[in-house]
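Colleague: for reference, the sequence and a predicted model appear below.
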Amino acid sequence: MKNPVLALLSFLLDKILFFAKPKPSSTSKTDKNGNLYETSLYKRGDLLEVPRTLFVHFGIYLGNNRVAHLMPDILPAISDDKYLTGKVVTNKRLILGVLAKVASIRVDTVQDFAYGGRIIVNHMDKSFKTKPLSNEDVAQRAERLVGATSYSLLWDNCEHFVTYCRYGFPVSSQTDKFCDTIKKIIRDQRSLLISAAIGMALTLCLGVGPFTTLPSFLITFTLWMAS
């Protein structure tokens, strides 16, 4: 037989936990995976960041659960159907957009923008000596730029878009870090040795030919001259 004292304590504990559990407010938005976003924490013109595995995605909050962000997307370049282009960008559309160097500055919900990730607000402000523009100016800049645009993984990406809107000039710390990494690789003498070893191995396996010897020589020579 179940102990009535323990049963009573268990009942009271359940009620306490139920009332102590925070309930979503009217401004809370939940995506299809159950991730909760409290949009009351964001102000119009805020710069939003969503860290990913290999990169950070950026957007400008426009208010009313709307975010303007630049996304590589092939569809606007081949279709005028606003219903189709308005749907969430799939990985296939994104990859083809990167390869074709086309994109769109689009407006999505906070949930679709975050795509299940954690949102950081105005984190970039402390990295800039330049004072941000007023939040309303930032939002209006973002709204004016909505539509199809060109795209470059290094020179014209989502970070360039938000920094132009918020600080007045486009810049990407991700691009700078990538370029610094490439410089370190080029200057590292081990890269030269590895490229030479790979070139010799390909020549020995595939024989001497224009498609093996020439590329290997050019890569090794370029690394040597740049180091």
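Modeller: Right, received. Where do you want to start? Numbers count the residues shown, from 1 in each chain.

Colleague: and Asn122, backbone torsions?
Modeller: Per-residue torsions, Asn122: phi 50, psi 30 (degrees, to the nearest 10).

Colleague: how many neighbouring residues does it have?
Modeller: 17 (other Cβ atoms under 10 Å). Every residue, glycine included, has its C-beta placed from N, CA and C.

Colleague: for Thr30, same thing?
Modeller: Applying other Cβ under 10 Å, we find 11 residues neighbouring Thr30.

Colleague: which residues does it bridge with?
Modeller: Under the criterion DSSP bridges, Thr30 forms beta bridges with Leu36.

Colleague: how about Val98, what does it touch?
Modeller: Pro72, Tyr151, Leu153 (Cβ atoms under 8 Å, 6 or more residues apart in numbering).

Colleague: now do the strand or helix carrying it, average pLDDT.
Modeller: Using DSSP states H and E, Val98 maps to helix 91-100. For helix 91-100, the mean per-residue pLDDT is 90.

Colleague: and the helices in the protein?
Modeller: For the chain, the helices defined by DSSP state H cover 4-20, 75-78, 82-85, 91-100, 110-114, 135-144, 158-167, 173-187, 189-206, 213-226.

Colleague: mean pLDDT for those: which is lowest?
Modeller: Among the helices of the chain, helix 4-20 carries the lowest mean pLDDT, a mean of 44.

Colleague: the helix holding Val98: which residues count as buried?
Modeller: By neighbour count with 16 or more other Cβ atoms under 10 Å, helix 91-100 contains the buried residues Arg93, Leu96, Gly97, Val98.

Colleague: repeat that for stretch 63-78.
Modeller: For stretch 63-78, the neighbour count (16+ other Cβ under 10 Å) marks Asn65, Arg66, Val67, Ala68, His69, Leu70, Met71, Pro72, Asp73, Ile74, Leu75, Pro76 as buried.

Colleague: contact partners for the spatially closest residue to the second one that is not a sequence neighbour?
Modeller: Leaving aside its chain neighbours, Arg66 sits nearest to Val107 (5.2 Å; criterion: Cβ to Cβ, 6 or more residues apart in numbering). The contact partners of Val107, by Cβ under 8 Å, 6+ apart, come to Leu62, Arg66, Val67, Ala68, Val146.
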